[in-house]
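[1] Got a predicted model here, sequence first, then my questions.
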Amino acid sequence: MKYISTRGGIAPISFKKAVMMGLAIDGGLLLPQTMPVVDEKTVAAWGRLSYPELAHAVLSLFIDDIPADDLRELINRSYATFSHPEITPLVQKGGVHILELFHGPTLAFKDVALQFLGNVFDYLLRESGEKMNIVGATSGDTGSAAIYGVRGKERINIFILHPHKRVSAVQELQMTTVIDANVFNLAIRGTFDDGQAIVKSLFNDIPFKQQYHLGAVNSINWARILAQVVYYIFAALKLTGQGGKVDFAVPTGNFGDIFAGFIARKLLPGRIRHLVLATNENNLLTRFVLQGDYSLGKVVQTSSPSMDIQVASNFERYLYFLYDEDAGRTKEAMTHFAQSGSLHFSESEQQKIRAAFLSASVSRQQTLAIIRDFHQVSGYVLDPHTAVGVSAGLDHLDPAVPMVCLATAHPAKFGAAVQQAIGRPPEMPESFRDLDKRESRCRVLDADLAQIKAFIEENAI
């Protein structure tokens, strides 16, 4: 299996090189050169596997340069940190199926990918004898999950940018109270999009990237998307058995999690019918699905801050498939978007989009209402991001097709919103109870490329 850039500017590379490259050196995103084809016999066999076994089977389709036993050990080590034996269990509540993705060490779906990616980085660096400086931007959960994935690892320093005072109190503490010597938290005066733009600029500065051995943990890294594909397949096969279809409702701002669903849909033709793309008031992606309009707006601060995004980092990967894997056209479109902040799509392209995606935008008031109403009906407490997905899923519910709603975070991470909705705070997990009493460390900087670059230069491993 080889990997290419969405912009066509690199020769095909191995999985190992793709992981270490992160962002393609031509500014594009990495994707498999060809998609694996999975037959029904294989799919039936997958349905009998445990989560780690399924992860090994699926990842092996895309990874052929790590020995099978080594890959299995990396997977097992990654998911040994999860508190539930099924890793991503399904529970049926309120007429939908909730796929709980928050049983990892930081209680968010990002753990599913970042525990694995951290171990892969460690494995490859030990193999090569090299070192790495990970640089990432977070809208809330990626930062803590990435930090927990690599904290204390000898050959890695990690620099995480988060928007100052625009993440929840728990999210901020989860990051800043990890004071291992290799962890650097940077709060930038700006939005997540500002941080993401700085990170992309750093990776596009090829001499700087090479000099400081930069590594990517944001969902621009293909290994993250790949690890997330597994839980879609796991849930789909649990609900479809030997046949049938399933829909998924996915709260998303960066198009990474739902793009993993798009890849799973390709691997399971006929099993995954629709992906319901759920946004909050930062509804760039909903406008794309419903109107064929991908145009920048102003970032609005909401109760689901991990989705307070206007530039979806993984959109380019889907655009490559929408344009029938035409790298030249993809590059041209992204260049146009960088200049104009807007893309528009033809009616035939919109029909193709809506064959895979449905969408809904959910306001702050609707988010609080669904948390309250869902709790009253089922006794189940949703975090505000999951609530956005559940609201959109219920809007598109078909009684004949199971609806799986991705629960992307534990409600305790967003206690203020939950308390406002149901009149009491969510139950606090043991790991959160003394967060506010722990020593913390964080540097506040302007959202300025030169300042961030200077800080990395000063603290790089």
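    Okay, I see it.
[2] what pLDDT does S359 get?
    Note for S359: predicted pLDDT of 98.
[3] for Q242, that is, sorry about that
    Confidence for Q242, expressed as pLDDT, is 69.
[4] Equivalent analysis for the one 5 residues further on, please.
    Residue-level confidence at D247 comes out at 98, pLDDT.
[5] Tell me how far the closest residue in space to G47 that isn't next to it in sequence lies from K209.
    In space, and not counting its chain neighbours, G47 is closest to L237: 4.1 Å by C-beta to C-beta, 6 or more residues apart in numbering. C-beta: built from backbone N, CA, C; applies to glycine. To K209, L237 is 39 Å away according to C-beta to C-beta, to the nearest Å.
[6] mean confidence for stretch 250-266?
    On average, stretch 250-266 scores 96.
[7] burial count for the residue nearest to N182 when sequence neighbours are not counted?
    Nearest non-adjacent residue to N182, counting by C-beta to C-beta, 6+ apart: N157, 4.8 Å away. For N157, the neighbour count with other C-beta atoms under 10 Å is 23.
[8] Could you please name the strands the strand or helix carrying N157 pairs with and the direction of each pair?
    Element membership of N157 [criterion: DSSP states H and E] is strand 156-163. When sheet partners are counted by DSSP bridges, strand 156-163 sits next to strand 132-137 (parallel), strand 183-189 (parallel).
[9] buried sites along it?
    Using 16 or more other C-beta atoms under 10 Å as the burial criterion, the residues of strand 156-163 that qualify are 156-163.
[10] Closest one to Q420 out of the residues you listed, please.
    Proximity of the buried residues of strand 156-163 to Q420 (C-beta to C-beta) peaks at P163, which lies at 21.5 Å.
[11] wait, what's in contact with that closest one?
    Neighbouring residues of P163 by C-beta atoms under 8 Å, 6 or more residues apart in numbering: 139, 187-188, 190-192, 194-195.
[12] got a winner among those for most neighbours?
    The most crowded member of the contacts of P163, judged by other C-beta under 10 Å, is F192 (30 neighbours).
[13] Was I right to think that one contacts I309?
    Yes - checked against C-beta atoms under 8 Å, the pair F192 and I309 is within contact range at 5.6 Å.
[14] Now the common contact residues for the two.
    With contacts taken as C-beta under 8 Å, 6+ apart, the residues that reach both F192 and I309 are 139, 299.
[15] circling back to that earlier point, among the contacts of P163, which are in helices?
    If you go by DSSP state H, those have 192, 194-195 in helices.
[16] Go through these and name the one nearest Q339.
    D194 (18.5 Å).
[17] what about the stretch 151-300 of the chain, any weak spots by pLDDT?
    Counting by pLDDT under 70, the stretch 151-300 of the chain contains low-confidence ranges at 242.
[18] where exactly do the strands run in it?
    All strands of the stretch 151-300 of the chain, identified by DSSP state E, counting those that start in this stretch, fall at 156-163, 183-189, 214-216, 246-251, 272-279, 293-295.
[19] Show me the contact partners of the fourth one.
    When you say that, I think you mean strand 246-251. For strand 246-251, using C-beta under 8 Å, 6+ apart, the contacting residues are 96, 232, 235-236, 239-240, 257-258, 261, 271-280, 304, 307, 385-386, 388-390, 392-393, 396, 398, 401-406, 408.
[20] Could you list the paired strands of that strand along with their orientation?
    Assessed with DSSP bridges, strand 246-251 is paired to strand 272-279 (parallel), strand 403-407 (parallel).
[21] that older thread, between the buried residues of strand 156-163, which is nearest E172?
    H162 (7.2 Å).
[22] State the distance from the closest residue to the closest one other than its chain neighbours to I309.
    Distances taken as C-beta to C-beta, 6+ apart put T138 closest to H162, at 4.9 Å, once the chain neighbours are dropped. Going from T138 to I309 by C-beta to C-beta gives 11 Å.
[23] These two - which one has more neighbours?
    More neighbours surround T138 than the other of T138 and I309, with 27 against 23 (other C-beta under 10 Å).
[24] From G28, how far off is that one?
    As judged by C-beta to C-beta, T138 and G28 stand 22 Å apart.
[25] pretty sure W46 contacts L54?
    Yes - using C-beta under 8 Å, W46 makes contact with L54 at a distance of 5.7 Å.
[26] what is in contact with these two at once?
    Common neighbours of W46 and L54, counting by C-beta under 8 Å, 6+ apart, are I233.
[27] where's Q310, which helix or strand?
    Assigned by DSSP H and E, Q310 falls within no helix or strand.
[28] Neighbours of it, how many?
    20.
[29] from memory N133 sits against I456, does it?
    Yes - at 6.5 Å, N133 counts as touching I456 under the criterion of C-beta under 8 Å.
[30] Many thanks, we can stop here.
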